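1. Turn this into a model:
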Amino acid sequence: MRALERAAAFDAACPTPAPALRPLPLPDRDTEAGLSGMTATGMLHGYLRHRAGPPRAAVWRDGRVVVLERRSPSDTIAANDADQVVGAYTRHPGEAPRAVLWSGGKRVDLNPPGAFESTAVAIARRGEVLVVSHRLGADPTSTASDLSLWRSGRWTTLVADDRFDDPVLGPACDVAVRVADRTLLFPRGRGPGIRLPGLGGDPAPRPVAVNAAGEVLLACADAGRGRVALWRDGGLTDIGSLGGGDTRLPATGARTGPWLNATGEVTGVSETRDGRYHAFRWRRGTMTDLTPTAAHSTSHGVNERGDIAGEVPAAGGPGSRAVLWHREGATDLGWLTPGHLTSPTALHPRLPVVAGVDHSPDGSTTTLFTSA
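-> Presented below is the predicted three-dimensional model:
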């Protein structure tokens, strides 16, 4: 009962739902789809899959869906504000995926020389592309992994033949990556790299985001509890918690967030003193609980205006509703289908506009939506 009362209190705090969510177009009823993100022009990028077939990279623009690769399996991962899209595609059936850039209606193959497999995981403001690739090692039975940056036809290898994960690319081409037992930052995509510290003795924190100012958001492990820190100008700031000591990002990697904007605002979920997990905003050294009366809530990203997209449990029944928290107040976006889980996973970088996935609790029905 207390959960229903908390949800009702949140209802009273939010204005009447506006704008209404509407479904995104699909080619037919047998096609499923997913979203990777939204650009400053409002273009959405993701994939389409017909029945049990392979995914096809696609974008949604002005209410229309456009398939980027009709003949080969492909998927989008990221895009910049110039609507340049990156991801991976396959030239022939059974072939390993190759990194790709779609720009101006054309495909640019970005498979690094000597690689048998690659994926473009991020693209910067001016079109620089971060690529993860695999090639044969010195021993023909082994493989080696490389992290490379492509700039206008030229390659720079940042990490060669080493264990790495979680590479992230900032708008100004700053690269952060965890390499074996350390975390490195390559300012403007150039080495040898600056070692980034962690909290609580974590020697290799996970880089989550880099903003336009070169600040790096780090997820740290500390005795089983999550901690989040912001690295800026050589110093590390622990952003704290909502009283429970555990602060996390709901998801990390490509197709998530952004969890950090250009002014240094951070969002995620944090544990309260009574053990609930709530969406938060961290700004200018202060963490604010976005749903102090709710049973639980989650956030999906923050844009340059400070709008935070997230969801809260529905009052009086199953499902969740999409919410847009502003620096002052909130907008309850509601749901596309009553009783479904409504997740606004894509957020416009500069406008209070979201898109996402509406799906039934059992996962049998999925629909993409937008608030534009």
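
2. Which of the helices and strands in the chain ranks last by mean pLDDT?
-> None of the helices or strands of the chain scores lower by mean pLDDT, DSSP states H and E than helix 2-13, at a mean of 42.

3. Find the helix or strand that V131 is a member of.
-> Per DSSP states H and E, V131 falls inside strand 129-136.

4. Then A138?
-> Assessed by DSSP H and E, A138 sits outside every helix and strand.

5. Just give me the neighbour total for it.
-> 7 (other C-beta atoms under 10 Å). C-beta: built from backbone N, CA, C; applies to glycine.

6. same deal with L351?
-> 16.

7. so it touches A309, yeah?
-> No: L351 is beyond contact range of A309, at 11.7 Å (criterion: C-beta atoms under 8 Å).

8. quick one: low-confidence ranges for the stretch 1-150 of the chain?
-> 1-19 (pLDDT under 70).

9. Provide the backbone phi and psi angles at A314.
-> As for A314, its main-chain torsions (degrees, to the nearest 10) stand at phi -70, psi 150.

10. Can you give me every residue that contacts it?
-> Counting by C-beta atoms under 8 Å, 6 or more residues apart in numbering, A314 touches A7, S320, R321, W335, P338, G339.

11. The closest residue to the fourth one other than its chain neighbours bridge partners, please.
-> Right, W335. Once flanking residues are discounted, W335 sits nearest to T342: 4.1 Å by C-beta to C-beta, 6 or more residues apart in numbering. Beta-bridge pairing of T342 under DSSP bridges involves D358.

12. I'd like to know how far T342 sits from D83.
-> Distance from T342 to D83, counting by C-beta to C-beta, to the nearest Å: 26 Å.

13. And for G234?
-> G234 sits 35 Å away from D83, going by C-beta to C-beta.

14. between those two, who's got more neighbours?
-> D83 (17 against 8).

15. The more buried one and T39 touch, don't they?
-> Yes: under the criterion of C-beta under 8 Å, D83 makes contact with T39 at 5.5 Å.

16. List the buried residues in the helix or strand containing W60.
-> Under the criterion of DSSP H and E, W60 resides in strand 56-61. Residues R56, A57, A58, V59, W60 are the ones in strand 56-61 that count as buried (16 or more other C-beta atoms under 10 Å).

17. residues contacting the second one?
-> In other words, A57. A57 is in contact with H45, Y47, V67, L68, E69, S74, D75, T76, V85, G87, Y89, W102, counting by C-beta under 8 Å, 6+ apart.

18. filter these to the buried ones?
-> H45, Y47, L68, E69, S74, D75, T76, V85, G87, Y89, W102.

19. Look up phi and psi at R188.
-> phi 50, psi 30.

20. Leaving out chain neighbours, which residue sits closest to L26?
-> For L26, ignoring the flanking residues on the chain, the nearest one in space by C-beta to C-beta, 6+ apart is A33 at 5.9 Å.

21. That neighbour against H359, yeah?
-> No: contact status for A33 versus H359: not in contact, 11.6 Å apart, counting by C-beta under 8 Å.

22. Which one of those two is surrounded by more residues?
-> A33 (22 against 19).

23. mind checking which helix or strand G226 is in?
-> strand 225-232.

24. Which neighbours in the sheet does the helix or strand following that strand have, and how are they oriented?
-> Downstream of strand 225-232, the next assigned helix or strand under DSSP H and E is strand 235-238. Using DSSP bridges, the strands paired with strand 235-238 are strand 225-232 (antiparallel).

25. Go through the strand it pairs with and flag the buried ones.
-> Judged by neighbour count (16+ other C-beta under 10 Å), strand 225-232 contains these buried residues: G226, R227, V228, A229, L230, W231.

26. Distance to A254 for these - can I get that in a markdown table?
-> What follows is these, written out as a markdown table (distance: C-beta to C-beta, whole Å):
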| residue | distance to A254 |
| --- | --- |
| G226 | 20 |
| R227 | 23 |
| V228 | 19 |
| A229 | 21 |
| L230 | 21 |
| W231 | 21 |
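
27. Return the member of those nearest to A279.
-> V228 (13.4 Å; C-beta to C-beta).

28. so that closest one makes contact with L260?
-> No: using C-beta under 8 Å, V228 is not in contact with L260; the gap is 9.8 Å.

29. now the end-to-end length of stretch 258-266.
-> 9 Å (C-alpha to C-alpha, to the nearest Å).
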